[in-house]
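Visitor: Fold the following, please.
(chains A, B, C, D, E and F)
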Protein chains: 6
Amino acid sequence: MRSSSTTRPSGRTPIQLRPVTISRAFTKHAEGSVLIAFGDTKVLCTASVLEKVPPHKKGSGEGWVTAEYGMLPRATHTRSDREAARGKQTGRTQEIQRLIGRAMRSVFDLKVLGERTIHLDCDVLQADGGTRTAAITGAYVAARDAINQLLQSGTLKSDPIIDSVAAISVGIYQGTPVLDLDYPEDSACDTDMNVVMTGKGGMIEVQGTAEGSAFSRLELNALLDLAEQGIAELTQLQIDAFKA
Amino acid sequence: MRSSSTTRPSGRTPIQLRPVTISRAFTKHAEGSVLIAFGDTKVLCTASVLEKVPPHKKGSGEGWVTAEYGMLPRATHTRSDREAARGKQTGRTQEIQRLIGRAMRSVFDLKVLGERTIHLDCDVLQADGGTRTAAITGAYVAARDAINQLLQSGTLKSDPIIDSVAAISVGIYQGTPVLDLDYPEDSACDTDMNVVMTGKGGMIEVQGTAEGSAFSRLELNALLDLAEQGIAELTQLQIDAFKA
Amino acid sequence: MRSSSTTRPSGRTPIQLRPVTISRAFTKHAEGSVLIAFGDTKVLCTASVLEKVPPHKKGSGEGWVTAEYGMLPRATHTRSDREAARGKQTGRTQEIQRLIGRAMRSVFDLKVLGERTIHLDCDVLQADGGTRTAAITGAYVAARDAINQLLQSGTLKSDPIIDSVAAISVGIYQGTPVLDLDYPEDSACDTDMNVVMTGKGGMIEVQGTAEGSAFSRLELNALLDLAEQGIAELTQLQIDAFKA
Amino acid sequence: MRSSSTTRPSGRTPIQLRPVTISRAFTKHAEGSVLIAFGDTKVLCTASVLEKVPPHKKGSGEGWVTAEYGMLPRATHTRSDREAARGKQTGRTQEIQRLIGRAMRSVFDLKVLGERTIHLDCDVLQADGGTRTAAITGAYVAARDAINQLLQSGTLKSDPIIDSVAAISVGIYQGTPVLDLDYPEDSACDTDMNVVMTGKGGMIEVQGTAEGSAFSRLELNALLDLAEQGIAELTQLQIDAFKA
Amino acid sequence: MRSSSTTRPSGRTPIQLRPVTISRAFTKHAEGSVLIAFGDTKVLCTASVLEKVPPHKKGSGEGWVTAEYGMLPRATHTRSDREAARGKQTGRTQEIQRLIGRAMRSVFDLKVLGERTIHLDCDVLQADGGTRTAAITGAYVAARDAINQLLQSGTLKSDPIIDSVAAISVGIYQGTPVLDLDYPEDSACDTDMNVVMTGKGGMIEVQGTAEGSAFSRLELNALLDLAEQGIAELTQLQIDAFKA
Amino acid sequence: MRSSSTTRPSGRTPIQLRPVTISRAFTKHAEGSVLIAFGDTKVLCTASVLEKVPPHKKGSGEGWVTAEYGMLPRATHTRSDREAARGKQTGRTQEIQRLIGRAMRSVFDLKVLGERTIHLDCDVLQADGGTRTAAITGAYVAARDAINQLLQSGTLKSDPIIDSVAAISVGIYQGTPVLDLDYPEDSACDTDMNVVMTGKGGMIEVQGTAEGSAFSRLELNALLDLAEQGIAELTQLQIDAFKA
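Guide: Here you go, the predicted structure:
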């Protein structure tokens, strides 16, 4: 299935991530603020600590973790409408922010968090494919920073984060499974899959979509193999971000 | 992983679908109108033929296939707000209708369809888990009926449908992979996956989500095996629906 | 005024209702769930018991009865926009649901109901004229079922329903007053009137509209005579629905 | 039924209208601009001529007549929310503006009007019951003024208005049928009816609603008798308004 | 800079206000109700006393003063869309109502007012330029009336109003600074400035905008001189309004 | 008036701007993309060239320049709601984006621009007072870059930009007029003024607001003097940005 002759537009090998950079404390007000770049895709992820919970958690003793996603109008090749001006978020935006929220909640013990909310905002400053996977990977670092601050201040006695979480896209480009699709690949891909996994290697979300023609179990397995590798790399980069 | 002692709330075996019924021509105005039941989940799927296309297809010579999804306010255990009265569709609704639309487009040759739209409406009359998979499975039959009518009237000279499509949910319930989750299982599941496949066995969508704890590749594979079986059964039921 | 030669499109006599069927317990979750058919017009009416009241009734010791109305997009000859997707209910929808709500409240003693709400949802699955009159007639049966359940469980000690209520349309078709307009008649009618009456024969609403030319007192009286007859028949059918 | 001892809060006899004044050319920009007062109810009705028609009339050679209704926030005893700030019109507002529009169209020959729109705006400056009937009665005068201007300028060769139209409320107050309800009566009424009739005496709309208990045919007839008298008076006042 | 030969469309001298009339108690329900006319610009300003405050003032012991602004659809030369029907207020409307609110708050001691709200509604019945300045000038009189009523009834022990406030527009028309722009001047102006001042001569708002070409400090000063004169006149007219 | 003893929270002198940096080509897709910082206030300004104009300019031969403004939810000390999720822009947002649009249009010759739109998007990444003035100053540089590109490609033959434009805030802080308010000063200011001027020194907008007590002509003049100085500095920094 994998043809050795495929050339990715970026010149990367099939298993090669784009250069990933994670900059913490990018803005000053948020409890966690991370600019994450997957190549030319740049997402600002902030984590805000709110001392309240949504109605369905009131009085439960549990906290909540939620996310919102946005894209600046000219983050893309051609300008797209500003959602605030149109008066509603697109279905795509809602789908992505629900995905980010679920991914983040999967590594939180909401009882340990207590009745407060970690609100993650992921805003795409520049888009070149893979904005949702960059958002999840960066949002984890921002959430980690916010929780660390609550631990240091003594507000939290024990750590509500039970694992790290990261995400990557994989796809079949010209017959070859490739890791971390950029925009030119994403537009031309037959199959596109987003995978969310924890630092310990557990799967949180697998979302594979046939774009042109259907895909097989064999292809699915090759894509999952690639994703596991990529997420291991991202997990290490998340760890490294706290060393600097 | 699979514990022989698990008892499903419904008494079904792990590989057993709920009783599925597909009633064509359920209402009289639509070009295709199907009431599909997956046990107590009942979805009315209509296919409307519109002799126009959305702006991004105008002048392209190609058609469009799209879907909308709704749930009657009291389709569920407790009444939920009417989306029309609230003034917007929830993120969940939009996510589901986007999924149905992609699934249906995956089996259409839009060039052969010509500049017209097949608009699928999937409205849940009664919900008991698995509404989106029932909707996809029923919408295909409604679309098939609408296209057949266009072929019989001579409006279409050749068939734009290239394969059938169906969907099923699978999940890990009390440690056991089970097929076609009903509501009590869905609420208690650790992992929940929706799989969309064509009649020929190609994969169109795989959407797996860890609800409580992460899942493994092994579990993923067991779930996909189950889904393949279930979709083969649904495909046969779709074929049978046209025999009666 | 009445010309003996008029032929209704359906072949009915001027004083003949369409076949009316009332199916209780049509769906399983709602406290009352009725599918009512006036010929090809089919409306699903559910009654939900909510243990809360709107703000203007809080602390009053009184309950509330309200209704919402919707039409599936392809209930009609040509597909109409989904109100949830458009983001608002049409004026027609709001007018109808306000009418249903007033009709239902007219037979309730809100003090006896206590601080709870009976929320009626009337959703048109198939439309062929007279959807609002079918909705009122069916909603009464659904409300009756919901209240019976509250009486049987002991939640209510005495019956808050003081009379039954039903509705019918009448109109002048080709010069002849006719009962229970179907869609072809409705579209061609000079005058169209909806009448809501109680089982005891009291009038609750009379809404007559000249569509083409004005109508006279004589015509109005002929229409009201017809409506009284029709409602007496519907009242009997409501009673019969509880015998089966 | 009619008890001679009833005293109306205003001291009026049962068949007595409030003082009605009709002031033409109240504002200067509109083609027709009428301030109409039914006692303390004051409505500004403007008629605008627009040289375009809504989509469903395009290319038909016919025109359109439509109406919008609003109430200033402090037209009422206690301030009500501004609909523009809330972001939507209430169901009541929509119901009223649909009624005004139908009433006005009933006296227009849309073919003679040609492809243009008469847009009526009825804004309540002060409310004391009967705003919709004052609005219809005033809107006719504003429309008449706008059409006269089109006739005088030669834009229209013949008159598209085929009759005059006016409206009045009637109700049963403390057992007595009374004409032209003011707010104190309206709040205390058992039955409330709005009647729209043409100058020639044809009925256009009859909308009767039981507020507390049901009403009888006898009561309905007494109310219609009163309404006919009232509308005859209003028709004369409309004629007089053009004499001054 | 000032050319003696300029002729204003209205024939006014550069320093001449339009005829200003202030009619108190224009409508009967509001605690303050003022119809103010600046020539053909007519604005109805009502002041409502609400015994509640917005969330950010709850429990503060302080009151609130706020304003809303609207324009009847046919207040203008050509009909503009009704904001309530469009479902949102324009940016211009919001800008104006925020300005009115700030202007009114500048003369209120919110502590003395206590936890209640003065809600000002300014609705333009007829527009001919300068609607926001007429609205501010009239709203003050309406607020004054409402507060007087609270003082007379003993609800307030001392006066929360610390000064009067009025507003006027100035602009450079054909090279000459002129006072109180009407619509023909406003459309043709190079620079347009709205000035809000207190009765004691303090400045509250200065909003100057170059419409065609930039303006100089010299021009700015000439405009402010004019505005001061105009506001002194308006302040006197406000005082006189309470003498009649 | 100016008390020599005032200490600004930042330690700046009254006439001292915050450090201003202007980074061009900050993102890669937009025709102009500028990150501008006024101290801790950071705004991303992009200029998009759209080969279309809004309806009111169609067929006029003239172009259009417009702006939209947004603030990331956690640009501020405490998280504010995302406008896209709330479904509408606040009045403040609309006021600011209208101001930016007017400022930019004041230096454009729309005829020379031809029928195309320059769409400016100003998104605040971090807020510390003065976001609107930073936005205007940065938007000019982005627009200049976009126009330069059109000139270089030959799409435009001559330059539609007739002057540069910049903006600064001034205010009276503890009795002293100070330049370029940061957030601590802005919150504590008696008077707050935003001034927009061209590179040649013409005034475009002057918006002064008394926050606590009214201001005098003398104070106004002192503030304008400061603003002129500040804008001269900003103009030089805009020029320098193109030298690097």
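
Visitor: of all of chain A, which residue lies closest to chain C?
Guide: Per C-beta to the nearest C-beta, the residue of chain A with the smallest distance to chain C is A:Lys88, at 7.6 Å. The C-beta positions use only the backbone N, C-alpha and C, and glycine is treated the same way.

Visitor: residues touching that residue, list them.
Guide: Applying C-beta atoms under 8 Å, 6 or more residues apart in numbering or on different chains, we find A:Lys88 in contact with B:Lys88, C:Gly87, F:Ala84, F:Gly87.

Visitor: so which of the residues you listed is the most crowded?
Guide: Each of the contacts of A:Lys88 was scored for neighbours by other C-beta atoms under 10 Å in any protein chain shown, and F:Ala84 scores highest at 24 neighbours.

Visitor: In a helix, that one, correct?
Guide: Yes. Membership of F:Ala84 in a helix is supported by DSSP: H, G, I helix; E, B strand; the rest coil.

Visitor: For it, report the pLDDT, please.
Guide: On the pLDDT scale, F:Ala84 is placed at 96.

Visitor: secondary structure class for the residue of chain A closest to chain C?
Guide: coil.

Visitor: same check, this time on A:His29
Guide: Going by three-state DSSP: A:His29 is coil.

Visitor: mind listing what it touches?
Guide: If you count contacts by C-beta under 8 Å, 6+ apart, then A:His29 has F:Arg74, F:Ala75, F:Thr76, F:His77, F:Gln126, F:Ala127 around it.

Visitor: Look up how far chain D lies from it.
Guide: Counting by C-beta to the nearest C-beta, to the nearest Å, the gap from A:His29 to chain D is 30 Å.

Visitor: Provide the backbone phi and psi angles at that residue.
Guide: Backbone torsions of A:His29, given as degrees, to the nearest 10, read phi -80, psi -40.

Visitor: Find the closest residue to chain E in chain A.
Guide: Closest to chain E within chain A is A:Gly87: 7.5 Å, counting by C-beta to the nearest C-beta.

Visitor: picking up where we left off before, a markdown table for the contacts of A:Lys88, including distance to C:Ile161?
Guide: Shown next, in a markdown table, are the contacts of A:Lys88 (distance: C-beta to C-beta, whole Å):
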| residue | distance to C:Ile161 |
| --- | --- |
| B:Lys88 | 35 |
| C:Gly87 | 36 |
| F:Ala84 | 47 |
| F:Gly87 | 40 |
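
Visitor: sorry, back to before: I figured the residue of chain A closest to chain E was touching F:Gly87, is that so?
Guide: Yes. If you go by C-beta atoms under 8 Å, A:Gly87 and F:Gly87 touch, sitting 5.2 Å apart.

Visitor: Model confidence for A:Arg217, exactly?
Guide: At A:Arg217, pLDDT is 95.

Visitor: Spatially nearest residue to it (excluding sequence neighbours)?
Guide: The shortest distance from A:Arg217 to any non-neighbouring residue, by C-beta to C-beta, 6 or more residues apart in numbering or on different chains, is to B:Leu224 (6.7 Å).

Visitor: Next, the contact list for A:Val53, please.
Guide: Contacts of A:Val53 by C-beta under 8 Å, 6+ apart are A:Ser60, A:Glu62, A:Gly63, A:Trp64, A:Glu115, A:Arg116, A:Thr117.

Visitor: repeat that for 6 Å
Guide: A:Trp64, A:Glu115, A:Thr117 (C-beta atoms under 6 Å, 6 or more residues apart in numbering or on different chains).

Visitor: cool, A:Arg24 as well?
Guide: A:Val34.

Visitor: quick one: it from chain D, how far?
Guide: 40 Å.

Visitor: In the beta-sheet assignment, what are the partners of that residue?
Guide: A:Val34 (DSSP bridges).

Visitor: mind checking which helix or strand A:Arg98 is in?
Guide: A:Arg98 is part of helix A:91-105 when elements are defined by DSSP states H and E.

Visitor: and the helix or strand just after that helix, average pLDDT?
Guide: The helix or strand immediately downstream of helix A:91-105 is helix A:110-113, counting by DSSP H and E. Here helix A:110-113 scores 98 as its mean pLDDT.

Visitor: tell me which residues of helix A:110-113 are tucked away?
Guide: Buried residues in helix A:110-113, defined by neighbour count with 16 or more other C-beta atoms under 10 Å in any protein chain shown: A:Leu110, A:Val112, A:Leu113.

Visitor: What of stretch A:83-97?
Guide: A:83-85, A:87-91, A:93-97.

Visitor: which pair in these spans the largest distance?
Guide: A:Ala85 and A:Glu95 (20.7 Å; C-beta to C-beta).

Visitor: Wait, A:Ala146 touches A:Glu31, no?
Guide: Yes. Between A:Ala146 and A:Glu31 there is a contact under C-beta atoms under 6 Å: 3.8 Å.

Visitor: Which neighbours do the two have in common?
Guide: Counting by C-beta under 6 Å, 6+ apart, the residues touching both A:Ala146 and A:Glu31 are A:Ala47, A:Val49.

Visitor: need the residues of chain A near chain B, please.
Guide: In this structure, chain A approaches chain B at residues A:91, A:94-95, A:98, A:106, A:198, A:202-210, A:214-215, judged by C-beta under 6 Å from any C-beta of the partner chain.

Visitor: Which ones among the residues you listed lie within helices?
Guide: A:Gly91, A:Gln94, A:Glu95, A:Arg98 (DSSP state H).

Visitor: Among the residues you listed, which one lies nearest to chain D?
Guide: A:Gln94 (20.2 Å).

Visitor: I'd like to know how far that closest one sits from B:Thr76.
Guide: Distance, A:Gln94 to B:Thr76, by C-beta to C-beta, to the nearest Å: 20 Å.

Visitor: Flag every buried residue along the lowest-mean-pLDDT helix or strand in chain A.
Guide: The helix or strand of chain A with the poorest confidence is helix A:183-188; it has a mean of 92 (mean pLDDT, DSSP states H and E). Using 16+ other C-beta under 10 Å as the test for burial, helix A:183-188 gives A:Tyr183, A:Glu185, A:Asp186.
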